[in-house]
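Visitor: A structural model of the following input is requested.
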Amino acid sequence: MSITSILCKIENKVAYITLNRPEVFNSFNREMALLLQKTLDQCAADDNVRAIVITGSGKAFCAGQDLKEVTTPELMPGFRKILEEHYNPIIERIRLIEKPIVAAVNGVAAGAGANIALACDIVVATENASFIQAFSKIGLVPDSAGTFFLPRLIGFQKASALMMLGDKVGAKEAFEIGMIYKFYSTAFFEEEVEKLAITLSQMPTHALALTKKLLNRSMINNLQEQLSLESDLQIDASSSNDYQEGVNAFMEKRAPEFKGN
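Guide: Numbers count the residues shown, from 1 in each chain. Sure, this is the predicted structure:
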């Protein structure tokens, strides 16, 4: 398997994962999908990684599925295999990895590419980035958990319209409607992403992992179930070394040094 379709470097306890097929706007083929899963697994298991950033090389974040793969008979893996072995496992990993994951959207994010970004914990974009639910343009339905996350981010009516019409949403509009956290000028994008990622890596990442669990369960829990889970996980958090360090640092009027445990 080629190592070039996914790049990964670790700096300051942050893993920077780059989708690296710029000649096809970082669209996914089977090789890249499986390698992204493997890279996410490695980051999840690496104690030296306390935060993860996913971005794209070149002008795009990710244009979704490489249509060459699904229109070339000898390459076509079949849509069930694409969903069950490529995209669904990627989304599941993003939500289950107990580390904060930032999508740094550096250009167009279309189809599955858009929905992979929206599944991340924090989404930031360059000022010239765009998000497109491109599926209806070729007679398909949204996948990669787009129908799960997008309505919850921006509301049912807006999500329905974007998915049916396939409108392009620029970074400013995406920010205004609550689809993304922030957008930055292109000139300062990498700097701002690095600052955000390092900030996350220096936080009490055990508590962040528990917060991620709470947010995942909030999608399906009723009020009583969520209150009960909050209680359980708050007890977990309060028994951590990070909690004790946070309290000690506050009392001693110094910056805390969290270890993630």
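
Visitor: Only C-alpha atoms from now on, for both contacts and neighbour counts.
Guide: Will do.

Visitor: and the closest residue to L7 other than its chain neighbours, helix, strand or coil?
Guide: What sits nearest to L7 in space, not counting adjacent residues and going by Cα to Cα, 6 or more residues apart in numbering, is T18, at 5.0 Å. In three-state terms, and counting by DSSP: H, G, I helix; E, B strand; the rest coil, T18 is strand.

Visitor: With L150 instead?
Guide: Applying three-state DSSP to L150 yields a three-state assignment of helix.

Visitor: surely A249 meets Y243?
Guide: No. Judged on Cα atoms under 8 Å, A249 makes no contact with Y243 at a distance of 9.8 Å.

Visitor: Neighbour count for these two, which is higher?
Guide: Y243 (20 against 14; other Cα atoms under 10 Å).

Visitor: Just give the nearest non-adjacent residue to the more buried one, would you?
Guide: Spatially, and ignoring its direct neighbours in sequence, Y243 is nearest to A237 (6.7 Å; Cα to Cα, 6+ apart).

Visitor: ditto for I97
Guide: Closest residue to I97 apart from its sequence neighbours, by Cα to Cα, 6+ apart: A44 at 6.0 Å.

Visitor: Can you tell me the SS state at that neighbour?
Guide: When states are read from three-state DSSP, the local structure at A44 comes out as helix.

Visitor: That one: how many residues sit nearby?
Guide: Applying other Cα under 10 Å, we find 21 other residues in the vicinity of A44.

Visitor: about what we covered before: just the buried residues of the host helix or strand of the residue nearest to Y243, please?
Guide: Assessed by DSSP states H and E, A237 sits inside helix 223-238. Taking 16 or more other Cα atoms under 10 Å as the basis for neighbour counts, the residues of helix 223-238 that come out buried are 226, 229-230, 233, 237.

Visitor: could you pull out the strands for the stretch 151-261 of the chain?
Guide: Listed in chain order, the strands of the stretch 151-261 of the chain (DSSP state E, counting those that start in this stretch) span 168-170, 182-184.

Visitor: looking at these, which is buried most?
Guide: Looking across the strands of the stretch 151-261 of the chain with neighbours counted as mean count of other Cα atoms under 10 Å, the highest average goes to strand 182-184: a mean of 20.

Visitor: Would you mind checking the average pLDDT for that one?
Guide: Along strand 182-184, the predicted local confidence has a mean pLDDT of 98.

Visitor: which residues sit against it?
Guide: 123-127, 171-172, 175, 192 (Cα atoms under 8 Å, 6 or more residues apart in numbering).

Visitor: Reformat these into TSV and put neighbour count and distance to S144 next to each item.
Guide: As requested, these are arranged in TSV below (neighbours: other Cα atoms under 10 Å; distance: Cα to Cα, whole Å):
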residue	neighbour count	distance to S144
V123	21	16
V124	26	19
A125	31	20
T126	24	22
E127	19	24
A171	24	21
K172	19	24
F175	17	21
E192	17	27
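
Visitor: Show me those that map onto helices.
Guide: Counting by DSSP state H, those place 171-172, 175, 192 in helices.

Visitor: one step back: in this structure the residue nearest to L7 contacts G58, no?
Guide: No. Assessed by Cα under 8 Å, T18 is found out of contact with G58, at 10.1 Å.

Visitor: could the contacts of strand 182-184 be laid out in CSV, adding distance to L208 and pLDDT?
Guide: Shown next, in CSV, are the contacts of strand 182-184 (distance: Cα to Cα, whole Å; pLDDT from 0 to 100):
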residue, distance to L208, pLDDT
V123, 16, 98
V124, 18, 98
A125, 22, 98
T126, 25, 98
E127, 28, 98
A171, 26, 98
K172, 27, 98
F175, 23, 98
E192, 20, 98
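
Visitor: nearest to I90, of the residues you listed?
Guide: I90 has its nearest neighbour among the contacts of strand 182-184 in V123, at 16.2 Å by Cα to Cα.
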